[in-house]
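A.B. asks: Provided below for reference: sequence and predicted model.
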Amino acid sequence: MERLEAIVSGKVQGVWYRDFVVVTATALGLTGTAQNLSDGTVRVIAEGPREKLDALVEHLKEGPPLAKVTEVSHTCVPAAGEYHDFSITRE
């Protein structure tokens, strides 16, 4: 189990991006959170098997129809096991 920590840049707030992440990550069987940040980016933390996290990264690059993703910077570290589902976190 690993933990993906990603920052998504572009037009990703106000376009249902976090909801898209929740639905996609849940379908992949991942746990974690999606959060709008004050600088206009979205932070995604997801935990699960590496191949599922890699699949999530590919989805993050696309986003929902109204989004325009310009960059997804991410890293993987060992999972902390602190999440039990996937949800939206408020800043």
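C.D. replies: Alright, I've got the coordinates.
A.B. asks: can you give me the strands in this protein?
C.D. replies: Assigned by DSSP state E, the chain shows strands spanning 2-11, 31-36, 42-48, 68-78, 86-89.
A.B. asks: Mean neighbour count added to these, as a markdown table?
C.D. replies: C-beta: built from backbone N, CA, C; applies to glycine. Output for the strands of the chain, formatted as a markdown table (neighbours: other C-beta atoms under 10 Å):
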| stretch | mean neighbour count |
| --- | --- |
| strand 2-11 | 19 |
| strand 31-36 | 21 |
| strand 42-48 | 23 |
| strand 68-78 | 13 |
| strand 86-89 | 16 |
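A.B. asks: so can I have a markdown table of the ones you listed showing distance to Glu58 and mean pLDDT?
C.D. replies: Putting those into a markdown table (distance: least, C-beta to C-beta, whole Å; pLDDT from 0 to 100) gives the following:
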| stretch | distance to Glu58 | mean pLDDT |
| --- | --- | --- |
| strand 2-11 | 12 | 98 |
| strand 31-36 | 16 | 98 |
| strand 42-48 | 13 | 98 |
| strand 68-78 | 9 | 98 |
| strand 86-89 | 17 | 96 |
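A.B. asks: Output the ones you listed as a markdown table; include the columns distance to Val57.
C.D. replies: Formatted as a markdown table, those follow (distance: least, C-beta to C-beta, whole Å):
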| stretch | distance to Val57 |
| --- | --- |
| strand 2-11 | 7 |
| strand 31-36 | 13 |
| strand 42-48 | 9 |
| strand 68-78 | 6 |
| strand 86-89 | 15 |
